[in-house]
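In: Have a look; sequence and predicted model below, questions after that.
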Amino acid sequence: MMARIDYDSKWEGREIRLPFGPDFKFNLAWVKWIIPAAVVVWLLSGIYIVQPDEQGVVRRFGKAVKVTQPGPNYHLPQPIEKVDKVKVKKVRRIEIGFRTVSTGQPARYRFMPEESLMLTGDEQIVDAQIIVQYLVREPEKFLFNVRDLEAERGALMDAAEVALRQVVGQRPIDDVLITEKLQIEIDIRELLQRIIDRYDSGVKVVEVKLQTVRPPQEVAAAFSDVVSAKEDKERLVKEADGYREDLLPKARGRAASIIRGAEAYKAERVKHAQGDAEKFLAVLKEYEKAKDVTRKRLYLETMEQILPGIRKFVIDPGAGGNLLQFLPLEEGGAK
Amino acid sequence: MSPKIIIVIVLIVIVAIVLGGSLFTVDEKEQAIVTQLGKYVRTVSEPGLGFKVPFLQKVHKFEDRVLEYDAAAAPIITSDKKHLVIDNYARWRIVEPLKLYQTVRDEAGAQARLDDIVFSEIREELARHTLTEIVSVNREAIMEKVHKQCDNKAREYGVEVMDVRIKRADLPAEVAHSVYARMKAERQRIAKKYRSEGEEEAVKIRAATDKEKTIMLADSYRDAEKLKGEGDAEAIKIYAEAFEKDPEFYAFVRTLKAYEKSLRRDTTIILSSDSELFQYLSPPTK
C-alpha cells in the first residue's frame, strides 16, 4: 500500500514539470513495471527455510495458524503472516547457584551463594548447585504462553530454584550430601515439571543434575574432619585386625609345638619304659638260669665301675669298734 | 487525466484511513477490549484480525501470557518465633481484561495490587506455622493455601494468580552464624563418635585376640599334660608288669644302678674289709 502512494507522488512531481511530453510517456511505461515487480518481491519475501533442528510457527494477523517442519517453507508476506523459528532439538540449560562465565579450558564459573545456600530439613545450611536441561516440546506454547520464560530470574529459573529448595528442604543434610543425590535429582525434575506445566509453557525438563553439593565454607573444615575421622576409625580397626592376624598364627604355632612336645614326651616315656622292661626281662631270663653267680657278677662289675674313681677307706672291723677314731687319717693320709 | 488520478489518490487515502482505523490485529500474546467513546463494547480474547468502527471505537490491548511477580525479600516471624527472610514470587494472568481496566487500569496497577495481596497473605499464613513446617514439612500445602487466598482476592481485579511460591526461605545473617556453630558442633560430635567407635572396635578385636590366644595355649597345655600323663601311666604300667616278675632282683639291679649313679668321683666311702667285696682281701680264716 505504501509502495503505491510513493509511486503516485513521484509521478505527480513529474507531471508538474511536464517539459518532456514523450519522456513522460516512456517514464510511465517503465514505472508500470514497478508495481508488479514490487508485488513479486513482496510475495517472494515469504519464503523461509526451517533448519533441521527447528520448527517454524506461523502467525496470521497475530494468530498462530500452523507449525512448519524443516525445509523450505512459505508464508504470506508481512504484515499478513510472520514466522518464528524455534530450535526444538536444542537441549537448553539453566544453572542455579552458579553461572558459567566462559566454557574454555578450564571453564570459569561465577558462584552465586545467595542462590546456592539453602536450609535443609534439619535446619542446617547446605551449598547446592544444579543444572537443568530442557527441551521445547510445543513451540507454540513456548513462544506465546509465558512472558519471561527463559529470562534471567524468569519463570524457569524461579521454578527451578523453588524445586531445588523445596526438595532439599525436605531432607536432612546428610541425605543431601551423601545418600540421596539421585533421588533428589528425580524429585527436583518432577516438581519443576509440575510447576511449569501449570504455566502451560510447552517445555519438557529432560534432566536435573546436582553439580556441587557441599557444606558451606564456614563449616567445611568440620565436615572434612568427619571424613578423616571415618578413615581414622577404619585405620584403627585395620590395625587391630593386623594385631589379630599377627598374634593368632603365632599362638597356633606355639600350641601345636606344645602338643607335639607332649606327644614326644609320651612316646619317649613309653618307649624308654618298654626298653627298660625288655632289658630287665632279658637280664632276668638269664639271671634265673644261674641266680647266685650272676648276682655276684653284677655286683662286682658295678663295684669295679664305681670304686676306681672314688676315695675309700677299708677298715677291718676287728681292729676297733669306733670308726670315728680314724677320721683324722682322712686329713693326712690317703690322698 | 490529472483530476482522475487525484480522485483515485483521494479514494485510496480514504480507504487506507478507514481500513487503518477499523482493522486491528490481536497477537497470540495479547488480548484486547474494545470501547466506544469510553464505553465497553466487547472483549477480544481470540487472536487474529478484528474489525471496529473507525474513530469511535478504541482498542485496549493487554497481555495474555503468564506474567511474573517477584517480590523483594522480606523478613517474617514464624509461629515458633524464628526469623526468616522470605523471597517469594507469583505467576499471574489477566483473565478479565475489562475488570482489570476498570479497577487498576493496566499491568503496573495490577502489580501494585498483587504486592499488597501476596505479601500480606504470606506474612499472615506463615505466622501460623513453625519454621520446620515452612522449610521442610509442608511448604507446598502452605503455599497452596496462600495461592488460593491470593487468587480469590485478585479475581476482583480480573487477575488469576496461578501460583505463589517461596523461592528462598533463609535465616537472617546473624542467625546463620549460630546455625554454622551448631553444624560445627554436630560434626565434631560425629567425628568423635567415629574415632571412639574405631577405638572401641580395635580394643574389642585385640581383647578377643588375646582371649583366643590364651584359650588356645591353655587348651594345648591341657592336652599336652594329658598326653604326658598317659605316657607316664603307660610307662608305669610297663615297668610294673616287667618288674613284678622278680621284685627282689629288680631291687638288686636297681640298687646297683643307683650306686653307679650316686657314687661319683669326690665321694668318700668307708668300707668294711669283711664286706662282700673284700671278703678275699684278708687271709682265709677257714
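Out: Yep, that arrived.

In: ok, now how distant is the residue most central in space within chain A from chain B?
Out: Residue closest to the average C-alpha location in chain A (CA atoms, centre = their mean): residue A:178, at 9.3 Å. With the distance defined as CB to the nearest CB, to the nearest Å, residue A:178 ends up 12 Å from chain B. Any C-beta I mention is one placed from the backbone N, CA and C, and that applies to glycine too.

In: Would you agree that residue falls within a strand?
Out: No. Applying DSSP: H, G, I helix; E, B strand; the rest coil, one finds residue A:178 to be helix, outside a strand.

In: how about it, what does it touch?
Out: For residue A:178, no contacting residues are found, by CB atoms under 8 Å, 6 or more residues apart in numbering or on different chains.

In: With adjacent residues omitted, what lies nearest to the residue most central in space within chain B?
Out: Centroid-nearest residue in chain B: residue B:136, 12.4 Å away (criterion: CA atoms, centre = their mean). Counting by CB to CB, 6 or more residues apart in numbering or on different chains, residue B:136 lies nearest to residue A:121, which is 4.0 Å off, once chain neighbours are set aside.

In: Wait, that neighbour touches residue A:171, no?
Out: Yes. Counting by CB atoms under 8 Å, residue A:171 is a contact partner of residue A:121 at 5.0 Å.

In: residues bridging contact with the two, i.e. touching both?
Out: Shared contacts of residue A:121 and residue A:171, counting by CB under 8 Å, 6+ apart, come down to residue B:136.

In: ok, the residue nearest to the centre of chain B to residue A:159 distance?
Out: 19 Å (CB to CB, to the nearest Å).

In: same deal with residue B:131?
Out: For residue B:131, the distance to residue A:159 - CB to CB - is 23 Å.

In: the more surrounded of the two?
Out: Neighbour tally, residue B:131 and residue A:159, criterion other CB atoms under 10 Å in any protein chain shown: the higher count belongs to residue A:159, 29 against 20.

In: Might you report the residue contacts of the more buried one?
Out: Residue A:159 neighbours (CB under 8 Å, 6+ apart): A:192, A:195-196, B:165.

In: Make a ChimeraX selection of the buried ones in those residues.
Out: Burial among the contacts of residue A:159 is assessed by 16 or more other CB atoms under 10 Å in any protein chain shown; the matching ChimeraX selection reads:
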select /A:192,195,196 /B:165
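
In: Looking at the contacts of residue A:159, which are in strands?
Out: If you go by DSSP state E, the contacts of residue A:159 have residue B:165 in strands.

In: Turn the contacts of residue A:159 into CSV, columns for pLDDT and distance to residue B:211.
Out: Output for the contacts of residue A:159, formatted as CSV (pLDDT from 0 to 100; distance: CB to CB, whole Å):
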residue, pLDDT, distance to residue B:211
A:192, 96, 59
A:195, 93, 62
A:196, 93, 65
B:165, 91, 62
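
In: so what are the domain limits for chain B?
Out: B:2-63, B:67-176 (automatic domain parsing).

In: so of those, which one's packed in deepest?
Out: Across the domains of chain B, averaging neighbours per residue (mean count of other CB atoms under 10 Å in any protein chain shown) puts domain B:67-176 on top, at a mean of 18.

In: Residue B:245 against residue A:285, yeah?
Out: No. Contact criterion CB under 8 Å: residue B:245 and residue A:285 do not qualify, at 9.4 Å.

In: quick one, which of the two is more surrounded?
Out: residue B:245 (14 against 10).

In: Can you list phi and psi of that one for me?
Out: phi -60, psi -40 (degrees, to the nearest 10).

In: ok, which stretches of the stretch 51-200 of chain A are helices?
Out: A:113-116, A:139-144, A:155-169, A:173-174, A:181-198 (DSSP state H, counting those that start in this stretch).

In: deepest of these, which one?
Out: Greatest burial across those, using mean count of other CB under 10 Å, falls to helix A:155-169, with a mean of 25.

In: Could you tell me the angle between that one and helix A:181-198?
Out: 140 degrees (axes from the mean of the first three to the mean of the last three CA atoms, to 10 degrees).

In: Could you export helix A:155-169 as CSV, keeping only the C-alpha atoms?
Out: Provided in CSV are the C-alpha atoms of helix A:155-169 (Å, rounded to 0.1, in the frame of the first residue of the first chain):
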residue,chain,number,x,y,z
ALA,A,155,9.8,-18.3,35.1
LEU,A,156,12.0,-21.3,34.5
MET,A,157,14.8,-20.2,36.8
ASP,A,158,12.4,-19.2,39.5
ALA,A,159,10.7,-22.6,39.3
ALA,A,160,14.0,-24.5,39.3
GLU,A,161,15.1,-22.6,42.4
VAL,A,162,11.8,-23.3,44.1
ALA,A,163,12.0,-27.0,43.2
LEU,A,164,15.6,-27.3,44.4
ARG,A,165,15.0,-25.6,47.7
GLN,A,166,11.8,-27.4,48.4
VAL,A,167,13.3,-30.8,47.7
VAL,A,168,16.5,-30.1,49.7
GLY,A,169,14.3,-28.6,52.5
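
In: where in the chain is pLDDT low?
Out: If you meant another chain, say so; for now it's chain A. A:1-30, A:317-335 (pLDDT under 70).

In: You answered for a different chain; I wanted chain B.
Out: In chain B (pLDDT under 70), the answer is B:1, B:279-286.

In: if you set the cut-off to 80 instead, what comes out?
Out: Applying pLDDT under 80 to chain B flags the ranges B:1-3, B:136-137, B:263-286.

In: circling back: let me see the contact set for the residue nearest to the centre of chain B.
Out: Neighbours of residue B:136 in contact, by CB under 8 Å, 6+ apart: A:119-121, A:169-171.

In: can these go into TSV with extra columns for distance to residue B:221?
Out: Putting these into TSV (distance: CB to CB, whole Å) gives the following:
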residue	distance to residue B:221
A:119	65
A:120	60
A:121	60
A:169	66
A:170	63
A:171	59
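
In: Helices along the stretch 1-150 of chain B, start to end?
Out: Along the stretch 1-150 of chain B, the segments classed as helices by DSSP H, counting those that start in this stretch run B:2-22, B:97-103, B:107-126, B:131-132, B:139-154.

In: could you dump those helices to a markdown table with distance to chain A?
Out: As requested, the helices of the stretch 1-150 of chain B are arranged in a markdown table below (distance: least, CB to the nearest CB, whole Å):
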| stretch | distance to chain A |
| --- | --- |
| helix B:2-22 | 6 |
| helix B:97-103 | 15 |
| helix B:107-126 | 10 |
| helix B:131-132 | 7 |
| helix B:139-154 | 6 |
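
In: how about the ones you listed, which one is nearest residue A:111?
Out: helix B:139-154 (25.3 Å; CB to CB).

In: Skip the chain neighbours and tell me the closest residue to residue B:64.
Out: Residue B:64's closest residue in space is residue B:31 (CB to CB, 6+ apart), at 4.3 Å.

In: Now do that neighbour against residue A:150, distance only.
Out: Counting by CB to CB - residue B:31 and residue A:150 are separated by 23 Å.

In: Quickly list what residue 84 is bridged to.
Out: All of this is about chain A. residue A:57 (DSSP bridges).

In: switch to chain B, that's the one I care about
Out: Going by DSSP bridges, residue B:84 forms beta bridges with residue B:76.

In: residues in contact with residue B:263?
Out: A:306, A:310, B:269.

In: name the element the last one belongs to?
Out: I take that to be residue B:269. Per DSSP states H and E: residue B:269 is located in strand B:268-272.

In: I'd like to know which elements that strand is packed against.
Out: For strand B:268-272, the contact count by 3 or more CB pairs under 8 Å, 6 or more residues apart in numbering or on different chains; DSSP states H and E identifies strand A:311-315 as packing neighbours.

In: For the strand it packs on, enumerate the helices and strands it packs against.
Out: By 3+ CB pairs under 8 Å, 6+ apart, strand A:311-315 packs against strand B:268-272.

In: From the chain's centroid, how far away is the strand it packs on?
Out: Centroid displacement of strand B:268-272 relative to its chain, using CA atoms, centre = their mean, to the nearest Å, is 101 Å.

In: for stretch A:267-286, same thing?
Out: 78 Å.
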